[in-house]
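> the following comprises the amino acid sequence and a computationally predicted model.
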Amino acid sequence: MDRVARRLAPAVGPDGVVISVEMRRFLAERARRFAHEERYTNLQFPPGRAERLPLPDCSVDAAVNEWTGAIWELGLGPTMAGEM
């Protein structure tokens with residue numbers, strides 16, 4: 001499971017939601033299983049891409065990116081940053 005999401009979950013509390021977008025569907029599924037096993041109830045893991053987030057515009061309070069190396073190497077960094 002995304003380390004940032006796991007650390008943010010207690011900070012947003014039971015009424016908040018942490019959304020961790022995972023590029024690969026199997027990573028999202030693995031993260032969901034782990035969150036369920038660890039009893040995190042305020043985490044969501046939709047599959048998606050950083051440069052095309054599967055969320056409505058202006059629907060979150062903050063955005064954090066982890067593991068960005070390949071995104072910048074592929075030239076997608078500016079698009080990702082704009083989408084965030």
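It's in. Everything quoted here is computed from the prediction, not taken from an experiment. Residues are numbered from 1 along each chain as shown.

> contacts for the top helix by length along the chain?
Ranked by residue count, the top helix of the chain under DSSP state H comes out as helix 25-37. Applying C-beta atoms under 8 Å, 6 or more residues apart in numbering, the external contacts of helix 25-37 come out as 1, 2, 5, 20, 22, 43, 45, 46, 47. (Each C-beta comes from the backbone N, C-alpha and C, glycine too.)

> repeat that for 6 Å
Surrounding helix 25-37, the residues in contact under the criterion C-beta atoms under 6 Å, 6 or more residues apart in numbering are 1, 22, 43, 45, 47.

> tell me how many other residues crowd residue 20.
Residue 20 is surrounded by 24 other residues when neighbours are defined as other C-beta atoms under 10 Å.

> thought residue 45 was touching it, still the case?
Yes. Residue 20 lies in contact with residue 45 (C-beta atoms under 6 Å); the separation is 5.2 Å.

> outside of whichever helix or strand comes after the longest helix of the chain itself, list whatever touches it.
Elements were assigned by DSSP states H and E; along the chain past helix 25-37, the next helix or strand is strand 43-44. Applying C-beta under 6 Å, 6+ apart, the external contacts of strand 43-44 come out as 5, 9, 18, 19, 35.

> inside strands: which ones of those residues?
In this view, the contacts of strand 43-44 that belong to strands under DSSP state E are 18, 19.

> adding pLDDT and distance to residue 71, write the contacts of strand 43-44 out as JSON lines.
Shown next, in JSON lines, are the contacts of strand 43-44 (pLDDT from 0 to 100; distance: C-beta to C-beta, whole Å):
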{"residue": "5", "pLDDT": "87", "distance to residue 71": "18"}
{"residue": "9", "pLDDT": "92", "distance to residue 71": "24"}
{"residue": "18", "pLDDT": "94", "distance to residue 71": "20"}
{"residue": "19", "pLDDT": "91", "distance to residue 71": "18"}
{"residue": "35", "pLDDT": "91", "distance to residue 71": "24"}
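
> farthest pair in the contacts of strand 43-44?
With distances taken as C-beta to C-beta, the most widely separated pair in the contacts of strand 43-44 is 19 and 35, at 11.9 Å.

> and the two? which has more neighbours close in?
Under the neighbour definition other C-beta under 10 Å, residue 19 and residue 35 were set side by side, and residue 35 has more, 22 against 18.
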